[in-house]
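J.: starting from these lines, generate the structure:
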Amino acid sequence: MAGSRTAAVVFLLLAASASLCTAVSVDYDGRALVIDGKRRVLVSGSIHYPRSTPDMWPDLIKKSKDGGLDIIETYVFWDMHEPVRGQYDFTERKDLVKFVKLVAEAGLYLHLRIGPYVCAEWNYGGFPLWLHFLPGIQLRTDNDVYKAEMQRFTAKIVGMMKQNNLYASQGGPIVLSQIENEYGNIDWQYGSSAKPYIDWAAQMATSMNTGVPWVMCQQNNAPDPMINTCNGFYCDQFTPNSPSKPKFWTELWSGWFSAWGNPVPYRPVEDVAFAAARFYQNNGTLLNYYMYHGGTNFARTSGGPFITTSYDYDSPIDEYGLLRQPKWGHLKDLHKAIKLCEEAMVSTVGNTTSLGQNLEVTVYRAESGECAAFLANFDWQLDATVTFNGNSYDLPAWSVSILPDCKNVVYNTAKVNAITALTKFVPQTSQSGSNSSVVSLSSWSWFKEPVGISLNNEAFVLPGLVEQINTTADKSDFLWYSLSIDLNANDPLLKEGSQILLHLDSVGHGLYAFVNGDLAGSSSNNKFSMDVPMNLEPGNNTIDLLCLTVGLSNYGAFFDTYTAGIGGPVQFKGLANGSTIDLSPQQWTYQVGLKGEQLGLSNGVSGQWDSQPALPKNTPLTWYKTTFSAPAGNSPVAIDFTGMGKGHAWVNGHGIGRYWPANVAPSNGNCADTCNYRGSYSNNKCLKGCGKPTQQQYHVPRSWLKPTGNTLVVLEEIGGDPTMISFATRELGLICGKVSENYPAPLDLWDSNYLTRVTKPTLLLECPSPSQVIKSLQFVSFGNPHGGCGGYTHGRCRSKRARRVIHRACTGKTKCSIDVTVENLGDPNCGNVTKSLAVEAFCG
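T.: All right, here's what the predicted structure looks like:
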């Protein structure tokens, strides 16, 4: 029998792979997506190809498939692919076709969200900035100029997919496409032009004849045949705008993005699983995790403004490509449980009845006899015991139990069987170079960026204050506003009793004020005012204001018109006679970008670097360069910018992104080591990192490194000590498991005979790599242990036998399983208390 089951599994895998090489029909009805004539219950996850590197893609896709995904979802990033109108780039991280083909090779489907507006906390929402300068254009409305550009780019992407036979109708993996994005959230602000635009976009997309359905997310008035879909933390109550359309969730937010100066949000997996299970319970049939792997906002791609370089998003696969456990594992178990219910779910709609206050059951019962049930307790505090089909079931607060046969609970969203794995950054830098096992940074060289106008052939003079984005076209974060003032000894500005302040109002995002070459003040925010003390002298005085952007806006009605730079006024205040002098209408000299940018210092090969007499530290506007060897091994690599202020970094010419360790989250924020998953989640409910830099480590992809001779270039804006920069590797620490005696058996132990099998709660431990074994046990307790992974403590009762049992079952093995029963582990004498087994172990 075992041999026949194995052969059957192999056949099914081959059949699934072959199905992606053979043209299939893709359609939908009021219940589900219909692939090759069969309704499907599907699980999807977002991976944005430019937020990782091509060498990472196969592993990310494999881990997604292993996690139970059917579909990979990605946006298409117009700004990366067409940085100059008519000039396209699909190389390296931008190789969309390669990414889609890798998804197909893994036997998965793909949802291509063309947009071409993507939001995504991406610079300018994914639009190329040259759009902004086309005469007569208005973005995302019934505007002929914009619609022509949108159609041209959409046709370009669709044409590439067709040319490579990547639509399911051609034998490829693409089963869904999306046009526009979350327009319904803000369409009312576009007035009477909004509906004609949406109708046109739908018609334009369907005219591409892709052979697969199109969706519009957050668009309740999406015209037929567009499927309108839901985005949010919860979408179980969402209803499509037609009974002929299925219930799809295009963005289940698995966490949230981080922003400079704020604590880092995270979302407990029990709540993510609860949201997903409630969606499937209430007739949902396609769900996409946004994000499944968040990745990194390399170079200047982060939006916002003030979105961090990390786009980790607390996703099931972390920024560095490692599994975030138990989130990945617990959701994997959910997906298995849902698949056990698929036949019943696609055969009918669920019938929901109340079992009491905040308690309900939904039953899917097919005419052929299949039956699946979901028991839900959506009370924020109270656990409950319910009776269903004559059986009694315990339901923790804010949880869903899944019964694929309407009898046996195989999964509860609040009971986590998956292991917890703690990851950590391990320092790899030795300044002395005495330890050959770690990274040694060589001596530093530097280039002092001139204050004020240094590119005379590119500088220009205009009366009044210019808007920054319209001036720089986002070619650089930086724009100099410079003014020279000649004063004689009798000038009122120099009179005794005057305490001159330079007052200015900015519309964002940041500003450094230099007076006579010295940094006199700085500030950053979306809008802010500054009063800078002035040390004016007889003769020539210079005022050099360096304005900077920190990612362009990516969301909101008319976000493309949001401004940056000095809005004005710029004034002298504090004169002895109480008057002010308005400098705004003066003849200002402007320069886009920095001299170091023009010299190409980021690639490290320019000959402009100095190494004598002494390394300047804590000086603003300084470029630094050093070389280093890559950390040994294959673990992911990060740079720790401790000691630095704010700036940009490059490794071997690749933009690591903006760094800003000087921007520290408030210490009085709502941070805690644990967060109660019960009750509705919001992005400020569960926070960590109060009183710390929002981001301290920055991802350096392994494929960007050579064994030796790597070049690190840093542009420090505020002032810092580059000798404090260090490298680290992202490593796995402890693995932990905690299972109670009232838990269902792990999904890995269920098979087609689960209806008649006697199952027991079981703790599974598995090292992350097949080459590793469990080397040691740090903690074992069977009874009522307290705490969490890395901090478990014994409770008032515990079994004396448990540690010996675990040692014998697990030590020296890659994985092990332990029945969580008194018969196996010994009686801890806890009385009527529900007993739990908690284990902490090291692999090596």
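
J.: most remote residue from the chain's center?
T.: Asn490 (58.9 Å; Cα atoms, centre = their mean).

J.: for the residue nearest to Gly125 when sequence neighbours are not counted, give its distance to Arg113.
T.: Leaving out its chain neighbours, the residue that sits closest to Gly125 by Cβ to Cβ, 6 or more residues apart in numbering is Asn554, at 4.1 Å. All C-beta spots, glycine's among them, are computed from the backbone N, C-alpha and C. Applying Cβ to Cβ, to the nearest Å, one obtains 15 Å for the distance of Asn554 from Arg113.

J.: mind listing the helices for this structure?
T.: Secondary structure of the chain by DSSP state H: the helices cover 2-19, 57-66, 78-81, 96-105, 144-163, 194-206, 269-281, 327-340, 342-347, 468-472, 595-598, 802-810, 822-825.

J.: between the ones you listed, which gets nearest to Tyr49?
T.: Comparison of those against Tyr49 by Cβ to Cβ identifies helix 96-105 as nearest, at 4.2 Å.

J.: just want the angle from that closest one to helix 57-66.
T.: 40 degrees (axes from the mean of the first three to the mean of the last three Cα atoms, to 10 degrees).

J.: which elements pack onto helix 96-105?
T.: helix 57-66, strand 109-115, helix 144-163 (3 or more Cβ pairs under 8 Å, 6 or more residues apart in numbering; DSSP states H and E).

J.: out of the ones you listed, which comes closest to Thr811?
T.: helix 57-66 (25.7 Å).

J.: pull out the buried residues from the closest one.
T.: If you call a residue buried by 16 or more other Cβ atoms under 10 Å, then helix 57-66 has these buried ones: 57, 60-61, 63-65.

J.: any chance of those residues in TSV, plus pLDDT and distance to Asn181?
T.: Formatted as TSV, those follow (pLDDT from 0 to 100; distance: Cβ to Cβ, whole Å):
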residue	pLDDT	distance to Asn181
Trp57	98	23
Leu60	98	23
Ile61	98	23
Lys63	98	26
Ser64	98	22
Lys65	98	26
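
J.: and these as TSV, adding distance to Glu741?
T.: Compiled in TSV, these are given as follows (distance: Cβ to Cβ, whole Å):
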residue	distance to Glu741
Trp57	42
Leu60	36
Ile61	38
Lys63	31
Ser64	33
Lys65	33
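
J.: for the residue farthest from the centre of the chain, give its distance to Glu496.
T.: 12 Å.

J.: okay, Leu575: pLDDT?
T.: Leu575 is assigned a pLDDT of 84 by the prediction.

J.: what's the answer for Leu749, then?
T.: 73.

J.: residues near it, how many?
T.: 16 (other Cβ atoms under 10 Å).

J.: which positions in the longest strand anywhere in the chain come out as buried?
T.: Criterion DSSP state E: the longest strand present in the chain is strand 726-740. Residues of strand 726-740 classed as buried: 726-730, 732, 734-740 (neighbour count, 16+ other Cβ under 10 Å).

J.: just checking, Thr619 touches Lys448?
T.: Yes - with contact defined as Cβ atoms under 8 Å, Thr619 and Lys448 form a contacting pair (7.3 Å).

J.: I'd like the helices of the chain written out as TSV, with distance to Met291 added.
T.: Putting the helices of the chain into TSV (distance: least, Cβ to Cβ, whole Å) gives the following:
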stretch	distance to Met291
helix 2-19	25
helix 57-66	11
helix 78-81	18
helix 96-105	15
helix 144-163	21
helix 194-206	24
helix 269-281	12
helix 327-340	12
helix 342-347	25
helix 468-472	28
helix 595-598	31
helix 802-810	33
helix 822-825	39
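
J.: what does stretch 28-37 contact?
T.: Applying Cβ atoms under 8 Å, 6 or more residues apart in numbering, the set of residues contacting stretch 28-37 from outside is 19, 24-27, 39-42, 109, 168, 175-176, 213, 227, 242-246, 248, 283, 285-286, 346, 349.

J.: pLDDT below threshold where in the stretch 701-844 of the chain?
T.: For the stretch 701-844 of the chain, the stretches flagged by pLDDT under 70 are 751-758.

J.: so which residues of it form strands?
T.: According to DSSP state E, counting those that start in this stretch, the stretch 701-844 of the chain carries its strands in the segments 710-716, 726-740, 762-766, 774-783, 815-819, 836-843.

J.: partners of the last one in the sheet?
T.: So the one you mean is strand 836-843. strand 726-740 (antiparallel), strand 774-783 (antiparallel) (DSSP bridges).

J.: between those strands, which one is closest to Met160.
T.: Using Cβ to Cβ, the nearest of the strands paired with strand 836-843 to Met160 is strand 726-740, at 34.3 Å.

J.: ok and the closest one relative to helix 802-810, angle-wise?
T.: Using the same axes, to 10 degrees: strand 726-740 against helix 802-810 is 110 degrees.

J.: and strand 726-740, how far out from the chain's middle?
T.: Remark: strand 726-740 is offset 20 Å from the chain centroid, using Cα atoms, centre = their mean, to the nearest Å.

J.: cool, stretch 455-473 as well?
T.: Taking mean C-alpha positions (Cα atoms, centre = their mean), stretch 455-473 and its chain are 35 Å apart.

J.: how far does it stretch from start to finish?
T.: Distance across stretch 455-473, first residue to last, is 18 Å (Cα to Cα, to the nearest Å).

J.: how about that stretch: buried residues?
T.: Those would be 455, 465-466, 468-469, 471-472, for stretch 455-473 by 16+ other Cβ under 10 Å.

J.: and which of these is nearest Asp544?
T.: Nearest to Asp544 among the buried residues of stretch 455-473, with distances taken as Cβ to Cβ, is Leu455, at 13.4 Å.

J.: mind listing what the closest one touches?
T.: 591, 593, 595, 598.

J.: look at the second one and report its pLDDT.
T.: I take that to be Gly593. At Gly593, pLDDT is 98.

J.: you'd agree it is up against Thr472?
T.: Yes - with contact defined as Cβ under 8 Å, Gly593 reaches Thr472; the gap is 7.3 Å.

J.: which residues do the two both contact?
T.: With Cβ under 8 Å, 6+ apart as the test, Gly593 and Thr472 both reach 478-479.

J.: rewinding a little: so the longest strand of the chain versus strand 710-716, what angle?
T.: Going by the same axes, to 10 degrees, strand 726-740 is angled at 90 degrees with respect to strand 710-716.

J.: now strand 726-740 - C-alpha only, CSV.
T.: Extracted C-alpha coordinates of strand 726-740, given in CSV (Å, rounded to 0.1, in the frame of the first residue of the first chain):
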residue,chain,number,x,y,z
SER,A,726,30.0,46.3,11.1
PHE,A,727,28.7,43.3,9.2
ALA,A,728,26.5,40.5,10.6
THR,A,729,25.0,37.3,9.3
ARG,A,730,21.4,36.3,9.9
GLU,A,731,21.5,33.0,11.8
LEU,A,732,19.0,30.7,13.5
GLY,A,733,19.2,30.4,17.2
LEU,A,734,16.8,28.3,19.3
ILE,A,735,14.0,26.2,18.0
CYS,A,736,11.1,25.8,20.3
GLY,A,737,7.8,24.0,20.5
LYS,A,738,4.9,24.1,22.9
VAL,A,739,1.8,21.9,22.6
SER,A,740,-1.0,21.3,25.0
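
J.: report the angle between it and strand 762-766.
T.: Using the same axes, to 10 degrees: strand 726-740 against strand 762-766 is 160 degrees.

J.: and Asn540, what does it touch?
T.: Contacts were defined as Cβ under 8 Å, 6+ apart; by that measure Asn540 touches 484-486.

J.: just those now: which is nearest Cys843?
T.: Ser484 (64.9 Å).

J.: for the closest one, which residues make a bridge with it?
T.: Using DSSP bridges, the beta-bridge partners of Ser484 come out as Thr542.
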